[in-house]
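Enquirer: build me a model from this:
(4 chains)
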Number of protein chains: 2
Amino acid sequence: MSRDPVRPDFEPFIALAEKAGRALRSDMLDHAHRAGFTEVAPSHNAVFGTLPPEGSRAADMAIRSGITRQSMGEAVRDMVGLGILEMVPDPTDRRAKIVRYTDYGKRIAQVGFDHIVAVEELLREEFGAEDLATTRRVLARVRELLAAGPEGPVPLAVSPGGPD
Amino acid sequence: MSRDPVRPDFEPFIALAEKAGRALRSDMLDHAHRAGFTEVAPSHNAVFGTLPPEGSRAADMAIRSGITRQSMGEAVRDMVGLGILEMVPDPTDRRAKIVRYTDYGKRIAQVGFDHIVAVEELLREEFGAEDLATTRRVLARVRELLAAGPEGPVPLAVSPGGPD
DNA sequence: AATATTCGACAGGTAACCTTACTTTATCAG
DNA sequence: CTGATAAAGTAAGGTTACCTGTCGAATATT
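Expert: A predicted model of the protein is given here:
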């Protein structure tokens, strides 16, 4: 007969971060859709976030966005089919292809980047530059603190036992 | 021939929030696994976050966590199969069942809640109570600002055109 | 009593990833 | 130069965490 689990009496930081993150992400997607680019899908984020204007290899973009080469390849092929991207052979390496925005894709990317700037301004108006900077610093550091290798940062001493 | 898209010259807030959120989430899961509860899956979060000690109906938990009744039902059945939860008939409504932690499940939940508290303390030590409070406030408000109905908060005037 | 609603479950679908395995091309060690 | 190794892209198939649609049983509403 175990005691009832004792919950924290505050809203967990993880809950706050995830809810804000989800709100921001769906706002980005909604914005693209409202702008008429209804074909933009969540998986395209990994492309928009890592494809520089001059183009890039899919494998490099995969590394930068932290997904597999295969997943990136799928997203890229999808977006090629939608007319957002094009792939041209890399003259310096015949295995490789350079992924680039089409003119249409550039317009979509621009709408997204503009919205990022608009949200940034909205937040600065709401909270002031200082509090916003604090939040940015905390979020960036949280990531560093918790990304401390496979063992994680917060130590542990528990004997779990089993269900039986 | 469109101009190259102009990227923001700062790290987008959405990127910061999502990376921090992902780090926090995977830290929670890793912690449970390191504690020996290797069967805990990401989808169980919706349960741990909404199941009070005295038990609850799955439908209520679904509403609280913002997923469908069906998805919550699936997570609950999964966790019943793992010995984490049990379902007992609701004496006040013969359609319904009350979902409760087993003793084993209570131990898992406690480990998770303790870790939330430990992370909170880690963050307070790192940043101080004030900056942490600022961050919490900003994150909570971001969610409110962006959850402003189906039209979203940031206005828009674009003529998208098409790929051709 | 008739109708509408709610509860949990079942069936089936989808999106965004993943792993494994392959072909083609490039590079490097001897 | 040759053979091993590795890297780029792709194909095939699996997993996870959701979704919609629908159902029977039980409960509420009128």
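Enquirer: so which bits of chain A are right by DNA strand D?
Expert: Contact residues, chain A versus DNA strand D (C-beta under 7 Å from any atom of the strand): A:57-60, A:69-70, A:73, A:76-77, A:87, A:90, A:93, A:95-97, A:99. Every residue, glycine included, has its C-beta placed from N, CA and C.
Enquirer: break chain A down into its structural domains.
Expert: A:11-39+A:103-146, A:41-101 (automatic domain parsing).
Enquirer: and the ones you listed, which is most packed in?
Expert: domain A:11-39+A:103-146 (a mean of 19; mean count of other C-beta atoms under 10 Å in any protein chain shown).
Enquirer: how about it and DNA strand C, touching?
Expert: No. With C-beta under 7 Å from any atom of the strand as the criterion, DNA strand C is not reached by domain A:11-39+A:103-146; the gap is at least 8.5 Å.
Enquirer: where does chain A dip in pLDDT?
Expert: Counting by pLDDT under 70, the low-confidence segments of chain A come to A:148-164.
Enquirer: so where do the strands sit in it?
Expert: Per DSSP state E, chain A carries strands over the ranges A:56-57, A:85-89, A:97-101.
Enquirer: so which of the ones you listed is nearest residue B:119?
Expert: Judged by C-beta to C-beta, the one of the strands of chain A that comes nearest to residue B:119 is strand A:56-57, at 35.5 Å.
Enquirer: so what strands line up beside the closest one?
Expert: strand A:97-101 (antiparallel) (DSSP bridges).
Enquirer: can you give me the angle the strand it pairs with makes with strand A:85-89?
Expert: Calculated by axes from the mean of the first three to the mean of the last three C-alpha atoms, to 10 degrees, strand A:97-101 forms an angle of 150 degrees with strand A:85-89.
Enquirer: now do strand A:97-101: distance to the chain's middle.
Expert: Mean C-alpha position of strand A:97-101 versus that of the full chain (C-alpha atoms, centre = their mean, to the nearest Å) differs by 20 Å.
Enquirer: check whether that strand contacts DNA strand C.
Expert: No. Judged by C-beta under 7 Å from any atom of the strand, strand A:97-101 and DNA strand C are separated, with a smallest distance of 11.1 Å.
Enquirer: longest helix in chain A, by number of residues?
Expert: helix A:103-146 (DSSP state H).
Enquirer: now for that helix, which elements pack on it?
Expert: helix A:13-34, helix A:45-48, helix B:13-34, helix B:103-146 (3 or more C-beta pairs under 8 Å, 6 or more residues apart in numbering or on different chains; DSSP states H and E).
Enquirer: hmm, who's touching the first one?
Expert: Residues from elsewhere that reach helix A:13-34, judged by C-beta atoms under 8 Å, 6 or more residues apart in numbering or on different chains: A:40, A:42, A:45, A:108, A:111-112, A:115-116, A:119, A:139, A:142, B:13-14, B:17-18, B:20-21, B:24-25, B:28, B:49, B:116, B:119-120, B:123, B:136, B:139-140, B:142-143, B:146-147, B:150-154, B:156.
Enquirer: before we move on, back to that, out of the residues of chain A next to DNA strand D, which comes closest to residue B:129?
Expert: residue A:60 (41.7 Å).
Enquirer: check contacts around the nearest residue to that closest one once chain neighbours are set aside.
Expert: Sequence neighbours aside, residue A:50 is the residue nearest to residue A:60 in space, at 7.9 Å (criterion: C-beta to C-beta, 6 or more residues apart in numbering or on different chains). Counting by C-beta under 8 Å, 6+ apart, residue A:50 touches A:56, A:60, A:61, A:64, A:65.
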